[in-house]
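*Asks:* return a 3D structure for these sequence lines:
(chains A and B)
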There are 2 protein chains.
Amino acid sequence: MSGWVKIAGLGPGDEALVTPEVTAALAEATDVVGYIPYVARIAERPGLALHASDNRVEIDRSQHALHMAAGGKRVVVVSSGDPGVFAMAAAVFEALENGPAEWRGLQIDVLPGITAMLAASARAGAPMGHDFCAINLSDNLKPWSLIEKRLRLAAQADFSMAFYNPRSKSRPEGFVKTLEILREECEPERLILFARAVSRADEEMRISTLAEATPDMADMQTVVIVGSSRTRVIERDGAPIVYTPRFTPDEDQG
Amino acid sequence: MSGWVKIAGLGPGDEALVTPEVTAALAEATDVVGYIPYVARIAERPGLALHASDNRVEIDRSQHALHMAAGGKRVVVVSSGDPGVFAMAAAVFEALENGPAEWRGLQIDVLPGITAMLAASARAGAPMGHDFCAINLSDNLKPWSLIEKRLRLAAQADFSMAFYNPRSKSRPEGFVKTLEILREECEPERLILFARAVSRADEEMRISTLAEATPDMADMQTVVIVGSSRTRVIERDGAPIVYTPRFTPDEDQG
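*Replies:* Below you'll find the model as predicted:
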């Protein structure tokens, strides 16, 4: 069998959220590459080599995967969540575009997974039940000015918003600024959810408002969801439900 | 066992994209409710009642599910894709909020699924590999003016965009207007993908540009993805790859 690369999404953490397509790819693989904690989710077996690497080496890891596939290996590149959402798929294609011409002949597939924002949304109810956007708050790979522009326009569009990588240890000030911008653009009662480690043992879901939210409610394990102006809470015994109605009346255009 | 409601996402069509969590819920269910083509995907078995209904009756269907669960049934409400993305979760919560108080005591869970836009993105490469938004182009439940506002702001934010329900038979003019708006806001070379019936036998993927796109490239089975200004094509033997790089330089802010 000739080599291939499958870029696979492992979902947010719970094995019950890994698709059969991804499980089948892992069963056929000779090699798995990925960031250390994601490779740690893969069971060892004879004939399977696990190649775990640190973060911020996405291009090196992608080149390694493509190089092994060109040599006949069956390589699964693992991401958490969905590989196409702030994860490994774009990195592999960057490496492919800038790599040797022979790599373009490889079979390369992306296998979708349950992305963190939709796992978080499901746990909360349906806060992304209407039009929404997803923004990576990390400014490693783009200027902060672009993040600020997108935040303001998304708020003006009255999207529900999901934020990935909201707050790194090395640059925690980005999320401080994010909350300041949102408070300028949105009303204080706007709902904001902090969904940490969804579907894992240490899952935490906190429902707050822009007025009451503080930067320390988020870390790099957290997906933050900001509702639209129409996002609501249903109170009940047990966890409240947060959802965005499907209907927007004519006179209410956010 | 007391009744419950699980609002489950069946993914885009391929059974290999249904999560084990959803499969397990269906195995425990006494009743399944949903739109006719989605219920048709569920295998019949003794002890399972299938309740298929037409579209545009989402609230009736939700009330039916909640009513059966209150009577002790184990009810799975099926959506295609992810139930929290333009699907049944918000409808069930609308029915819950406006229904009898006893319904608020029910166990209600949302089980995420692979949403159409991410299945389409995976098939194309990684066009949503950077910040993105999702817009339902149907104006059944919101005014067209809000759709237009969101389209313009999303283009100005330089999001990749995914459009659900782009073109209904009864109101095809919405997608005509969408293309006109995008041509006003974006350059003619902007990539636009028409992903039809992804993961199903009749899957079709078409890569075009705003200059060349025509309204008839979309129907209600199609998810449309418009790239950001940085979305690129890698040409090769076989299907080209469309992806959005992770990196945005300082001088290029869309």
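*Asks:* domain map for chain A?
*Replies:* Chain A breaks down by automatic domain parsing into domains covering A:4-114, A:117-243.
*Asks:* quick check: end-to-end length of the longest one?
*Replies:* In other words, domain A:117-243. One end of domain A:117-243 to the other measures 14 Å (CA to CA, to the nearest Å).
*Asks:* burial check on the spatially closest residue to A:Gly72 that is not a sequence neighbour, number of neighbours?
*Replies:* Spatial nearest neighbour of A:Gly72, chain neighbours left out: A:Gly3 (4.5 Å); criterion: CB to CB, 6 or more residues apart in numbering or on different chains. In this view, the C-beta of every residue, glycine as well, is placed from N, C-alpha and C. By the measure other CB atoms under 10 Å in any protein chain shown, the count of residues near A:Gly3 is 19.
*Asks:* on that earlier part again, dump the domains of chain A into CSV; add mean pLDDT and distance to B:Ser145 as well.
*Replies:* Formatted as CSV, those follow (pLDDT from 0 to 100; distance: least, CB to CB, whole Å):
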stretch, mean pLDDT, distance to B:Ser145
domain A:4-114, 97, 30
domain A:117-243, 95, 12
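*Asks:* a markdown table for the ones you listed, including distance to B:Asp216 and mean neighbour count?
*Replies:* Shown next, in a markdown table, are the domains of chain A (distance: least, CB to CB, whole Å; neighbours: other CB atoms under 10 Å in any protein chain shown):
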| stretch | distance to B:Asp216 | mean neighbour count |
| --- | --- | --- |
| domain A:4-114 | 27 | 20 |
| domain A:117-243 | 24 | 20 |
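*Asks:* how about the helices of chain A, start to end?
*Replies:* For chain A, applying DSSP state H gives helices covering A:20-28, A:36-39, A:58-70, A:88-97, A:116-124, A:144-156, A:173-185.
*Asks:* gap between the last one and the chain center?
*Replies:* Counting by CA atoms, centre = their mean, to the nearest Å, helix A:173-185 is centred 20 Å from the centre of its parent chain.
*Asks:* contacts for it next, please.
*Replies:* Here helix A:173-185 makes contact (CB atoms under 8 Å, 6 or more residues apart in numbering or on different chains) with A:137-139, A:144, A:147-148, A:151-152, A:155-156, A:163, A:166-168, A:190, A:192, A:210-211, A:213-215, A:218, A:224, A:226.
*Asks:* let's see that with 10 Å instead.
*Replies:* By CB atoms under 10 Å, 6 or more residues apart in numbering or on different chains, the residues outside helix A:173-185 that reach it are A:135, A:137-139, A:144, A:147-149, A:151-156, A:158, A:161, A:163, A:165-168, A:190, A:192, A:210-211, A:213-219, A:222, A:224, A:226.
*Asks:* those residues in strands, which ones?
*Replies:* Judged by DSSP state E, the subset of these located in strands is A:135, A:161, A:163, A:192, A:222, A:224, A:226.
*Asks:* filter the contacts of helix A:173-185 by proximity to chain B?
*Replies:* Contacts with chain B within the contacts of helix A:173-185, as defined by CB under 10 Å from any CB of the partner chain: A:135, A:137-138, A:144, A:147, A:149, A:151-156, A:158, A:161.
*Asks:* let me know the closest of those to chain B.
*Replies:* For these, the minimum distance to chain B (CB to the nearest CB) is 4.0 Å, reached by A:Leu153.
*Asks:* that closest one: what's it in contact with?
*Replies:* A:Leu153 touches A:133, A:159, A:185, B:133, B:150, B:152-159, counting by CB under 10 Å, 6+ apart.
*Asks:* what's the closest of the helices of chain A to B:Asp60?
*Replies:* Proximity to B:Asp60 (CB to CB) singles out helix A:116-124 among the helices of chain A, at 23.0 Å.
*Asks:* next, the angle from that closest one to helix B:88-97.
*Replies:* 20 degrees (axes from the mean of the first three to the mean of the last three CA atoms, to 10 degrees).
*Asks:* hang on, the earlier thing: export the domains of chain A to CSV and tack on distance to B:Ala16?
*Replies:* Shown next, in CSV, are those (distance: least, CB to CB, whole Å):
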stretch, distance to B:Ala16
domain A:4-114, 4
domain A:117-243, 18
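*Asks:* and those: which comes nearest B:Val85?
*Replies:* With CB to CB as the criterion, B:Val85 lies closest to domain A:117-243 of those, at 6.5 Å.
*Asks:* now distance to A:Ala239 too, for the helices of chain A, in TSV please.
*Replies:* Listed next are these as TSV, based on distance: least, CB to CB, whole Å:
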stretch	distance to A:Ala239
helix A:20-28	29
helix A:36-39	27
helix A:58-70	36
helix A:88-97	33
helix A:116-124	8
helix A:144-156	27
helix A:173-185	24
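*Asks:* among those helices, which comes closest to A:Gly238?
*Replies:* helix A:116-124 (12.7 Å).
*Asks:* the closest one near chain B at all?
*Replies:* Yes. Under the criterion of CB under 10 Å from any CB, chain B is reached by helix A:116-124 at A:117-124.
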